[in-house]
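In: Just a sequence and a predicted model for now, questions to come.
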Amino acid sequence: MRGVMSVRLFTVLLSAIVITSALFASGATGLRADTGPLEPIDASSPRATLTSFLDQTQVVEEATLLHLANRTAETRNVALAEVSATAPLFDLSEVAEAARAETLQQSFAALADILYRVPVPPFVDIPDAQQVEAEQLTRWVLPGTEITLVQLTDEERPGDWVFSAQTVANLPAWRSKVEQEPILNQSAQITDWRGLDTDEYGRWVPGSIIESLPAQFQREILGNPLWKVLTGFILLIGILLVTVLWHRFVVTRLARTGRVGVMNFLVRLSTPIVLIALTIAGRNYMELQVNHGGQFAQIVLRSSAGIVIIALAWLAWLLVRVISEWIIATSAISEKRYNEHLVRLLSRLFSLLAAATVLVIGANSLGIPALGLITGVGVGGLVVGLAAQNTLENLLGGFTLFADKPFRVGDFVTFSGVSGTVEEIGQRSTRFRLIDGTVAIVPNADLVKAQITNITERRGSLFLHTVGVRYETTAQQLQEIIAGIDTQFRAHPLVFDQPDLPRVTLTEFGDSAIDIQARALVDTNQLHQFMLVQQDLLLIMREVVEQAGAAIAFPSTTAYLAVDSGSGDTGALREVLSGE
């Protein structure tokens with residue numbers, strides 16, 4: 001019985017020792033047992049903020065040591081997540097949204113290295129929440145440094161204390177100044193966070209090649225060894241080169257297959273998608289494998305973000321064109337060529353607006369104020385508008401043509417003494433195919449001002465000709481000619497038979513002929529067909545004149561010579577007339 005009790009007592013004591021050791025270990029590493037996983041980090045005073053940072057530094061150290069012992073993506077993500085937990089302790093409001101993650105990592109590494117090398121006052125000398133309230137503090141500076149903590153006044157975190165935005169901006173430079181100072185925290189296992197960040201690299205980087213590089217490639221540039229900087233530039237060149245080659249391949253394939261419309265733009269969408277995918281993959285490789293840092297990390301981050309933004313703007317531009325081509329491909333639009341060109345013109349405008357919107361939003365995420373960018377674009381647009389006044393006038397003229405609809409693609413029109421078929425209505429000019437087969441490109445601004453006659457829109461083609469018969473033609477013959485032309489015109493299958501048309505009338509006694517005018521409306525608006533019908537009608541007029549026993553007159557002049565009886569001298573005139 002005593003043996004059983006002894007065993008139980010030994011078990012209880014052993015369990016107590018294990019539990020106590022675990023609690024002690026968690027306290028030694030800075031983990032607080034009373035802190036839940038969802039409890040926010042304490043930043044209620046300068047003392048709380050500084051304590052929270054130092055405690056979290058030990059947690060990050062433990063996660064980093066585990067990663068160094070087992071270099072996997074999971075262990076690295078855990079370490080990065082612990083670093084991200086310090087974000088509420090820094091004022092990153094002045095840092096571009098796209099650069100905040102990288103700035104946070106650099107700020108953590110720099111601040112941790114600085115606090116290991118400068119004396120930190122006893123915590124009792126650092127203001128706590130009660131002292132802050134009693135003295136109404138809003139700003140506190142770490143003694144012997146310029147590291148400043150400020151109290152937030154925003155609505156989300158009122159009263160929280162954070163390292164100021166100016167401190168965040170100056171931390172990398174201050175870290176360089178304490179490079180040679182001795183380490184004051186002897187319990188820390190990692191005392192050079194910045195060096196660890198720049199010297200480390202992942203398993204997908206050939207270590208044997210890196211170690212065999214000459215010493216010059218280990219020289220620090222932009223806060224990184226030279227080989228990391230060169231790797232970044234090589235990746236950038238490779239991404240751009242692959243994208244250009246892919247784009248050429250796509251364009252070549254389109255030219256061979258002859259794809260147009262929706263499929264054309266759908267295939268072209270692959271180029272910006274490839275560029276985005278390669279850029280993100282390259283940036284992840286630099287972050288997770290090459291492990292760049294310092295100023296070069298900011299350059300890589302902003303450059304990759306800029307490339308992605310440009311590619312997204314390109315993608316938005318193409319998507320609008322895809323939508324427009326899909327609308328054109330529908331049956332409701334495809335039957336109206338005029339609407340087809342209107343949709344394409346509007347799609348060009350909206351695609352530019354979509355791309356510009358993406359660029360403005362993306363620039364804002366990179367720290368370029370959207371308002372300033374829009375203002376700059378507006379001023380630049382005004383300057384460009386003044387310089388390209390004719391182009392803008394032609395562009396507005398194109399919209400005027402679409403609004404007034406004086407003609408459509410395929411219509412035959414005349415303007416300014418020129419006749420031709422409309423082949424294309426562009427945003428700047430309109431293309432015509434003239435009767436002789438040549439192509440005329442007319443600015444839209446000129447077309448808006450010109451008087452345009454749309455031959456295609458007319459209901460029929462007017463036949464209007466006059467035939468002159470000789471003066472020897474009798475009145476009965478004239479009546480037969482008029483009646484015969486009228487009858488045969490009405491019998492023609494392409495001549496409208498109406499009460500007032502055809503109309504054949506005697507119009508004038510001319511200098512050398514009696515003029516008969518024939519007017520008829522031909523049922524066609526095609527020039528070639530009208531010319532054939534006109535030929536038939538002219539032959540009918542000639543045939544009717546000949547059947548009536550008359551003849552078509554031709555221009556002639558009759559001279560009558562007489563002797564003036566009132567003249568006394570007629571001998572000379574007689575001699576001239578007789579040839580004597």
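Out: It's in.

In: Could you use CA atoms for every contact and neighbour count after this?
Out: Noted.

In: Strands along the chain, start to end?
Out: Assigned by DSSP state E, the chain shows strands spanning 139-141, 148-151, 161-163, 220-221, 224-225, 412-415, 418-425, 429-434, 439-443, 452-454, 461-469, 503-509, 514-522.

In: I'd like the ones you listed as JSON lines, with mean pLDDT appended.
Out: Putting these into JSON lines (pLDDT from 0 to 100) gives the following:
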{"stretch": "strand 139-141", "mean pLDDT": "93"}
{"stretch": "strand 148-151", "mean pLDDT": "94"}
{"stretch": "strand 161-163", "mean pLDDT": "94"}
{"stretch": "strand 220-221", "mean pLDDT": "80"}
{"stretch": "strand 224-225", "mean pLDDT": "80"}
{"stretch": "strand 412-415", "mean pLDDT": "79"}
{"stretch": "strand 418-425", "mean pLDDT": "78"}
{"stretch": "strand 429-434", "mean pLDDT": "80"}
{"stretch": "strand 439-443", "mean pLDDT": "79"}
{"stretch": "strand 452-454", "mean pLDDT": "76"}
{"stretch": "strand 461-469", "mean pLDDT": "85"}
{"stretch": "strand 503-509", "mean pLDDT": "86"}
{"stretch": "strand 514-522", "mean pLDDT": "85"}
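
In: Take these and write them to JSON lines, including distance to L494 and mean neighbour count.
Out: Formatted as JSON lines, those follow (distance: least, C-alpha to C-alpha, whole Å; neighbours: other C-alpha atoms under 10 Å):
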{"stretch": "strand 139-141", "distance to L494": "97", "mean neighbour count": "17"}
{"stretch": "strand 148-151", "distance to L494": "93", "mean neighbour count": "22"}
{"stretch": "strand 161-163", "distance to L494": "91", "mean neighbour count": "26"}
{"stretch": "strand 220-221", "distance to L494": "87", "mean neighbour count": "14"}
{"stretch": "strand 224-225", "distance to L494": "87", "mean neighbour count": "21"}
{"stretch": "strand 412-415", "distance to L494": "20", "mean neighbour count": "19"}
{"stretch": "strand 418-425", "distance to L494": "23", "mean neighbour count": "20"}
{"stretch": "strand 429-434", "distance to L494": "26", "mean neighbour count": "20"}
{"stretch": "strand 439-443", "distance to L494": "32", "mean neighbour count": "16"}
{"stretch": "strand 452-454", "distance to L494": "21", "mean neighbour count": "17"}
{"stretch": "strand 461-469", "distance to L494": "10", "mean neighbour count": "18"}
{"stretch": "strand 503-509", "distance to L494": "15", "mean neighbour count": "16"}
{"stretch": "strand 514-522", "distance to L494": "6", "mean neighbour count": "21"}
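
In: can you list the domain ranges for the chain.
Out: 27-198, 224-371, 398-454, 461-547 (automatic domain parsing).

In: Could you list the low-pLDDT ranges of the chain?
Out: In the predicted model of the chain, residues 1-38, 197-203, 254-262, 294, 330-342, 344-345, 369-405, 426-428, 556-580 satisfy pLDDT under 70.

In: Nearest to V250 among the strands of the chain would be which one?
Out: Nearest to V250 among the strands of the chain is strand 418-425 (26.3 Å), distances taken as C-alpha to C-alpha.

In: how far out from the middle of the chain is that closest one?
Out: Here strand 418-425 is found 31 Å from its chain centre; the criterion is C-alpha atoms, centre = their mean, to the nearest Å.

In: What strands flank it, and is each parallel or antiparallel?
Out: For strand 418-425, the paired strands and their directions (DSSP bridges) are strand 412-415 (antiparallel), strand 429-434 (antiparallel).

In: re the thing from before, and F554, which of the domains of the chain is closest to it?
Out: Checking the domains of the chain against F554 by C-alpha to C-alpha gives domain 461-547 as the closest, at 7.0 Å.

In: end to end, how far does that closest one reach?
Out: End-to-end distance of domain 461-547 (C-alpha to C-alpha, to the nearest Å): 28 Å.

In: go on, stretch 454-473?
Out: End-to-end distance for stretch 454-473: 41 Å, by C-alpha to C-alpha.

In: in terms of contact, does S461 touch Q529 like I think?
Out: No. Using C-alpha atoms under 8 Å, S461 is not in contact with Q529, being 9.9 Å away.

In: right, so of the strands paired with strand 418-425, which gets closest to S365?
Out: strand 429-434 (38.7 Å).

In: Using CSV, write out the CA atom coordinates for the closest one.
Out: Below are the C-alpha coordinates for strand 429-434, written out as CSV (Å, rounded to 0.1, in the frame of the first residue of the first chain):
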residue,chain,number,x,y,z
SER,A,429,-10.4,60.1,-89.7
THR,A,430,-12.7,58.3,-92.2
ARG,A,431,-11.5,56.1,-95.0
PHE,A,432,-13.2,56.2,-98.5
ARG,A,433,-12.8,54.0,-101.5
LEU,A,434,-13.2,56.3,-104.5
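
In: count of neighbours near L213?
Out: L213 is flanked by 11 other residues according to other C-alpha atoms under 10 Å.

In: quick one: contacts for it?
Out: By C-alpha atoms under 8 Å, 6 or more residues apart in numbering, L213 lies in contact with nothing.

In: Relative to F296, how far out is it?
Out: Noted for L213: a distance of 20 Å to F296, by C-alpha to C-alpha.

In: Stretch 519-528 spans what distance, first to last residue?
Out: Here the two ends of stretch 519-528 are set 19 Å apart, with distance taken as C-alpha to C-alpha.

In: I meant to write stretch 216-225 there.
Out: Stretch 216-225 has an end-to-end distance of 9 Å (criterion: C-alpha to C-alpha).

In: try stretch 438-451
Out: Terminal residues of stretch 438-451 lie 21 Å apart, using C-alpha to C-alpha.

In: next one: stretch 486-503
Out: With C-alpha to C-alpha as the measure, stretch 486-503 spans 7 Å from end to end.

In: coming back round to it: rebuild the strands of the chain as CSV, extending it with distance to D113.
Out: Output for those, formatted as CSV (distance: least, C-alpha to C-alpha, whole Å):
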stretch, distance to D113
strand 139-141, 18
strand 148-151, 16
strand 161-163, 15
strand 220-221, 18
strand 224-225, 17
strand 412-415, 80
strand 418-425, 67
strand 429-434, 66
strand 439-443, 68
strand 452-454, 80
strand 461-469, 93
strand 503-509, 106
strand 514-522, 96
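
In: closest one to I552 among these?
Out: Short answer: strand 461-469, nearest of the strands of the chain by C-alpha to C-alpha, at 4.4 Å.

In: List of residues touching the closest one?
Out: 513-525, 530, 534, 541, 545, 550-554.
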